[in-house]
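have a look at this fold, sequence not included:
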């Protein structure tokens, strides 16, 4: 059973968005409560598209196709995108190009060639790249080959095949078997596209087997969860469903504190403890990130001026926000995450500065931390240097507005995969 010790590399925050190396820390702690989902896997319908794509690949293999799986999947994702768009669904990647292709004429082309792809690069930014690893970790795809697990295949053949109908299944297999195929959305293929939309759950109620399968895999973590969170993910999902709310809403510190308290009330000590560790980590990562992004927005300013601006904005709130002692207790986890003693020490130094309200020391440490992280990341240049007491910014950031002292209390920047689990759990609803 695969382990997601790191976020899927294709879904990961790249260097341009992780200047302090915080991703390694929140990934390690997040995996202790959410074992299979990534920051991008937030839609059950997208998992249905993925599952059906692999099912059609299997059907083509059975028919004797020798084509590699990826081009077939790309064509299927295009077909599904056109069906979704025409049925009114806009909650998927590639809506802009999908809509443009539909407006261009009476026909659209299914092809893995770049000019026909509904994303700049479907392999990387589409469901193949963003969802496959989570599907493997959750028990929908086999670990070592592009095939459905028995549970996923049962769902495809007992629910989706019937929804599509045998004739439509045969038609889809035939078209996906061509390296280039044509669709006529308003000239004969309305029925096919409508059947695909229905199979994806548009304008119909979810079948019990669908809910059961996706709950056991995506929400509970699948067969491999015993070796990952050991039931903690399921408990966390239950609390998210009980709390309700908008699946697309961003979580902040207030939300995580509330869930941690509920875990304590239910006697779920492991979940309570792991959420507390996340809260402690974020009490440092969030203000440190905010301060560094502000530094990046102040090209040419005197360091002393920037330090004064941050201190004036936050005042004593930064000391209240930061659990420096708790962060110190995470030292072993920090080293496991960063795999480097110097990086670990710099993070601990940042926590001490925050806890003491030492903004001058904090800015100095963050600049050193960025230099350290960038050097270890392909020996890249630091984003900012200090020259003659002024900031020499090499990578400006337009998001450098400081949160207010009031906002700082619940300020949150790292996902820990919590939002993905919450979105999927709320979409599927509670257990009956």
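Ah, there it is. Model, not experiment: these values are computed from the prediction.

for residue 392, helix, strand, or coil?
What DSSP: H, G, I helix; E, B strand; the rest coil gives for residue 392 is strand.

list the buried residues in the top helix by length along the chain.
Among all segments of the chain classified by DSSP state H, the helix with the greatest residue count is helix 269-296. Buried residues in helix 269-296, defined by neighbour count with 16 or more other C-beta atoms under 10 Å: 271-272, 274-296. Yep, even glycine has a C-beta here, placed from its N, CA and C like the rest.

what's the answer for stretch 196-216, then?
By neighbour count with 16+ other C-beta under 10 Å, stretch 196-216 contains the buried residues 196-202, 206-207, 210-211, 213-216.

now the residue in the chain sticking out farthest from the centre: how far from residue 304?
Seen from the C-alpha centroid of the chain, the residue lying at the greatest distance (C-alpha atoms, centre = their mean) is residue 388, 41.0 Å away. Noted for residue 388: a distance of 12 Å to residue 304, by C-beta to C-beta, to the nearest Å.

one more: residue 191?
Distance from residue 191 to residue 304, counting by C-beta to C-beta: 70 Å.

repeat that for residue 91.
Using C-beta to C-beta, which is the criterion applied here, residue 91 is 48 Å from residue 304.

likewise residue 88?
56 Å.

neighbour count: the two, which is higher?
residue 304 (12 against 9; other C-beta atoms under 10 Å).

and residue 181, bridged to which residues?
residue 110 (DSSP bridges).

adjust the sequence numbering to begin at 42 for everything that follows.
Sure, I'll start counting at 42 from here, so that last one is residue 222.

which residues are in contact with it?
Contacts here follow C-beta atoms under 8 Å, 6 or more residues apart in numbering; on that basis residue 222 touches 116, 150, 151, 152, 216.

CSV for these, including neighbour count and distance to residue 441?
Formatted as CSV, the contacts of residue 222 follow (neighbours: other C-beta atoms under 10 Å; distance: C-beta to C-beta, whole Å):
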residue, neighbour count, distance to residue 441
116, 28, 43
150, 16, 44
151, 20, 44
152, 18, 43
216, 19, 49
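
quick one: contacts for the nearest residue to residue 342 once chain neighbours are set aside?
Computed as C-beta to C-beta, 6 or more residues apart in numbering, the closest residue to residue 342 that is not its neighbour in sequence is residue 432, at 5.5 Å. Going by C-beta under 8 Å, 6+ apart, residue 432 touches 336, 339, 340, 341, 342, 343, 344, 347, 425, 426.

do that again at 6 Å, thanks
339, 342, 425 (C-beta atoms under 6 Å, 6 or more residues apart in numbering).

ok, and the closest non-adjacent residue to residue 423?
The shortest distance from residue 423 to any residue other than its chain neighbours is 4.0 Å, reached at residue 412 (C-beta to C-beta, 6+ apart).

pLDDT weak spots in the stretch 342-473 of the chain?
Scanning the stretch 342-473 of the chain for pLDDT under 70 picks out 439-440, 473.

one step back: want to throw the contacts of residue 222 into CSV with pLDDT?
As requested, the contacts of residue 222 are exported to CSV (pLDDT from 0 to 100):
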residue, pLDDT
116, 99
150, 98
151, 98
152, 98
216, 98
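
of those, closest to residue 446?
Proximity to residue 446 was ranked across those by C-beta to C-beta; first place goes to residue 116, at 53.2 Å.

go ahead and confirm that closest one touches residue 219.
No: if you go by C-beta atoms under 6 Å, residue 116 and residue 219 don't touch, sitting 8.3 Å apart.

ok, and what's touching stretch 459-473?
Contacts made with stretch 459-473 from outside it, assessed by C-beta under 6 Å, 6+ apart, are listed as 75, 78, 82-83, 85, 252, 255-256, 259-260, 278, 281-282, 288, 292.

swap that for stretch 251-263, please
Taking C-beta under 6 Å, 6+ apart as the criterion, the residues outside stretch 251-263 that touch it are 76-77, 85, 179-181, 192, 196, 200, 274-275, 278, 465-466, 469.

among those, which lie within helices?
Mapping these onto helices (DSSP H) picks out 85, 179, 192, 196, 274, 275, 278, 465, 466, 469.

buried subset of the residues you listed as a PyMOL selection?
Listed next is the PyMOL selection for buried residues among the ones in helices among the contacts of stretch 251-263, using 16+ other C-beta under 10 Å:
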select buried, resi 85+179+192+196+274+275+278+465+466+469
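
hang on, the earlier thing: for the contacts of stretch 459-473, work out which two are farthest apart.
Of all pairs drawn from the contacts of stretch 459-473, the greatest distance, 23.8 Å, lies between 252 and 292 (C-beta to C-beta).

okay, now the unreliable bits of the stretch 42-191 of the chain?
Applying pLDDT under 70 to the predicted model, the residue ranges of the stretch 42-191 of the chain that meet it are 42-57.

the nearest residue to residue 363 once chain neighbours are set aside: what secondary structure?
Beyond its immediate neighbours in the sequence, the residue positioned closest to residue 363 (C-beta to C-beta, 6+ apart) is residue 395, lying 4.0 Å away. Put simply, residue 395 is helix when judged by three-state DSSP.
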